[in-house]
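Peer 1: need a structure here:
(one chain, ligands or ions: 2)
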Amino acid sequence: MATNTSMLHDLPPLPAYTLVPRPPLIAGIPDNILTLILPVVAYWTVSMLFHLIDVYDLFSHYRLHTPAEVLARNRVSRWDVVKDVVLQHAIQTLAGLMMAYFDGQEYVGREEYDVAVWARRIRFLQRGLPYLLALFGLDASGVAANLSQNGHKILAGALAGGHYPGITQSIISETGFETAVPAFTAWEMSLANFIYWYFIPGLQFLWGICVVDTWQYFLHRAMHMNRWLYVKFHSRHHRLYVPYAFGALYNHPVEGFLLDTAGTGIAFLTSGMTHRQSMWFFTLSTIKTVDDHCGYAFPWDPFQHLTSNNAAYHDIHHQSWGIKTNFSQPFFIFWDRLFNTQWKGEVKLRYERSREASEKQVDGGMQQEPYAHTSVAPTQPARDAAIVSTEESSERITRARLRKKTANLSPSVDSLKGVNHGVASSVL
Ligand SMILES: [Zn+2]
Ligand SMILES: [Zn+2]
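Peer 2: Ligands and ions are numbered 1, 2, ... in the order given. Predicted structure coming up:
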């Protein structure tokens, strides 16, 4: 009998449960499919928000680069960027659909039981307290008796090894009689609830972040260390010397799959997250990647301050002089710190020079060979030379107009952002 067994162990019984299939968050769309849709929606929503900020020249004093630089230095048209991002989204969605095929049904209904299991573990841990106190020469039962007499019954129960004779609950036993059995204390239940609902999901999230950061650092670094990998795949992402939000996933499809899709997929599979959790994880990872390429150093953007990596940090990696540093992405920079690949040099003058050169180039009507002034990374292949499409011409006119609007603001960029062009001091 369950009741007798519980009494035997002096442990509160675990509640019964019934499993039922988890209803989808949005009726008609299974959660594992919604998990694939949300990151794509988030990518374009957040990107378009940054694009509007860009087009309407809002917050120009937080720009990392002037619009003139976007014109003069980037080696790919916005339209080509859109095409490659759409392809990457198609590949990641297809990979996700293949994974979803093997997904089992998720069930709910066991939450109370699982919380009670944690409460029992807490109770078991208390069993060790008297032995721990004995190591310090303290008599746990004596201390507990004293505390109990002074009204501290819960603390006394914990010190006595998790014995709470006064805390009981009534249950109907299998024989149909109402009987009193031990119960968990309020603090045990609160702690168990915290562990189950917040601590474990938090650890899973942290694990996912560590996997993605580690995966991306080593693969990204390898793409720069191995000439063939760089020329064949990664150089495409570096056609954006002046990143903008929707260029975040502008990659060679192979690189996009390896770095982003596979990395986050492995993070999900090894973390034990539910589909609901993975919705948050995939969507927030996507927003972070977009934010890291947004081209603005905002003081009020939480994605730029909650972790050590941000747009200003990653922007250095997109510059020809910083391309062999700052490989970490998208959350933390511990791998750069550990392997000494973090950019440590001066940045303010370099950014200033780049701004001035681009403005001269745009003012001169782009007469010179486009991008000729830009020092190209040693590994940059010749075929990566300027790609200037006709559609870009009209875009240039618009951008030149924008540049003129912000031209008088750009000198104040540095003063507003401090000596490191807006890079938080903790980052450099
Ligand atoms: Zn790179
Ligand atoms: Zn990038």
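Peer 1: Which stretches in the chain count as strands?
Peer 2: For the chain, applying DSSP state E gives strands covering 20-21, 107-108, 168-172, 178-182.
Peer 1: Take the ones you listed and lay them out in TSV including mean pLDDT.
Peer 2: Listed next are these as TSV, based on pLDDT from 0 to 100:
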stretch	mean pLDDT
strand 20-21	96
strand 107-108	96
strand 168-172	88
strand 178-182	89
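Peer 1: Out of those strands, the one nearest G142 is which?
Peer 2: Nearest to G142 among the strands of the chain is strand 178-182; the distance by CB to CB comes to 23.2 Å. Heads up, the C-betas are built off the backbone N, CA and C, glycines and all.
Peer 1: What count of nearby residues applies to Q342?
Peer 2: 19 (other CB atoms under 10 Å).
Peer 1: Show me what I172 is bridged to.
Peer 2: Residues in a beta bridge with I172, per DSSP bridges, are E178.
Peer 1: Thought A16 was touching it, still the case?
Peer 2: No: using CB atoms under 8 Å, I172 makes no contact with A16, being 11.3 Å away.
Peer 1: quick one: low-confidence parts of the chain?
Peer 2: For the chain, the stretches with pLDDT under 70 are 1-9, 365-428.
Peer 1: got the domain boundaries for it?
Peer 2: Residue ranges for each domain of the chain read 2-20+107-193, 22-105+199-417, as given by automatic domain parsing.
Peer 1: how far out from the middle of the chain is the shortest one?
Peer 2: Spelled out, it's domain 2-20+107-193. From the chain centre to the centre of domain 2-20+107-193 is a distance of 38 Å (CA atoms, centre = their mean, to the nearest Å).
Peer 1: quick one, which of the strands of the chain is nearest to T289?
Peer 2: The closest of the strands of the chain to T289 is strand 107-108. By CB to CB, the value is 31.1 Å.
Peer 1: can you list the strands of the chain in CSV and add distance to Q277?
Peer 2: Shown next, in CSV, are the strands of the chain (distance: least, CB to CB, whole Å):
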stretch, distance to Q277
strand 20-21, 17
strand 107-108, 13
strand 168-172, 32
strand 178-182, 33
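Peer 1: Which residue comes closest to S328 once chain neighbours are left out?
Peer 2: Nearest residue to S328 in three dimensions, chain neighbours excluded: D336, at 4.4 Å (CB to CB, 6 or more residues apart in numbering).
Peer 1: doesn't Q216 make contact with that neighbour?
Peer 2: No: if you go by CB under 8 Å, D336 and Q216 don't touch, sitting 11.5 Å apart.
Peer 1: Quick check: neighbours shared by those two?
Peer 2: Common contact partners of D336 and Q216 (CB atoms under 8 Å, 6 or more residues apart in numbering): S328.
Peer 1: re the thing from before, of the strands of the chain, which stretch is the most buried?
Peer 2: Mean neighbour count (mean count of other CB atoms under 10 Å) peaks for strand 178-182 among the strands of the chain, with a mean of 14.
Peer 1: List of residues touching it?
Peer 2: Taking contacts as CB under 8 Å, 6+ apart, the residues outside strand 178-182 that touch it are 3, 6-7, 10-13, 164, 167-173.
Peer 1: and the angle from it to strand 168-172?
Peer 2: Per axes from the mean of the first three to the mean of the last three CA atoms, to 10 degrees, the angle that strand 178-182 makes with strand 168-172 is 140 degrees.
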